Each structure stands twice: as structure tokens, then as C-alpha cells.
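>>> Structure for this input, please:
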Amino acid sequence: FGTYPALPCGALQDYGRNGLIPLDQCGLLSQVGEFAVCGCTECGDAPVPDPTSAPVPDPTPALVALPECPEIPSNGCSICGEGKVVENADALFQFGTYPAL
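Modelled structure (predicted):
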């Protein structure tokens, strides 16, 4: 396979959304170890509790607004999976080097 160029995670997300990554391969990206640098996070309309460390003196945690989920056309995909978006858009994702066949 050789070496692939590094790409910003945000660009990779756009490529998936715009149908430039084959649908059968899009879901596999988030399973590649190097992909962790992109940091996928939940997206949607409902706020979620802000994670706090124990002990927690206030029983009501603050709510954190989720980022908006982008619209995905039928020929596109979310590289993080349904209901998730890339959190670190500027981080560089790079496949490892694989030997040529």
C-alpha cells in the first residue's frame, strides 16, 4: 500500500461527508489506531452533563451543548460514525506505512 499523506482530521471528515471516501471503507477509519488523534465526539441537539471528577459537591452538573451534526448526503458518510463528529479538526491523521504488495 505504501505511505499515505497526512491529512487534517477536519478535511478527512469533509471528504467522507462529500462522498469522496467509499461508503464501505468510511466506517473502518474510526477503527484504525492512528485515527484516535481526531477525537470523535457526540453531536446533536440535546445538551449532555459536563463530566466532573468525584467527589462532586454540586449534585446538578452543568450542561454542555453538543456540536451540531452536519447533514450527510446519501452518497456521503460520517468518518466517526452516526451521531458523531471530529473533535480535533486541525489534528493530522496519517495511516502508518504499509509494505507494498
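>>> only C-alpha atoms for contact and neighbour calcs from this point on.
Will do.
>>> Pull out the buried positions in the lengthiest helix in the chain.
Criterion DSSP state H: the longest helix present in the chain is helix 9-17. Within helix 9-17, the residues that count as buried by 16 or more other CA atoms under 10 Å are 9-17.
>>> Dump those into a markdown table; add distance to Gly27 and pLDDT as well.
What follows is these, written out as a markdown table (distance: CA to CA, whole Å; pLDDT from 0 to 100):
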| residue | distance to Gly27 | pLDDT |
| --- | --- | --- |
| Cys9 | 15 | 92 |
| Gly10 | 16 | 93 |
| Ala11 | 16 | 93 |
| Leu12 | 12 | 91 |
| Gln13 | 12 | 92 |
| Asp14 | 14 | 93 |
| Tyr15 | 13 | 92 |
| Gly16 | 10 | 92 |
| Arg17 | 12 | 92 |
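>>> Distance to Pro73 added to those, as JSON lines?
What follows is these, written out as JSON lines (distance: CA to CA, whole Å):
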{"residue": "Cys9", "distance to Pro73": "19"}
{"residue": "Gly10", "distance to Pro73": "17"}
{"residue": "Ala11", "distance to Pro73": "16"}
{"residue": "Leu12", "distance to Pro73": "16"}
{"residue": "Gln13", "distance to Pro73": "13"}
{"residue": "Asp14", "distance to Pro73": "11"}
{"residue": "Tyr15", "distance to Pro73": "12"}
{"residue": "Gly16", "distance to Pro73": "10"}
{"residue": "Arg17", "distance to Pro73": "7"}
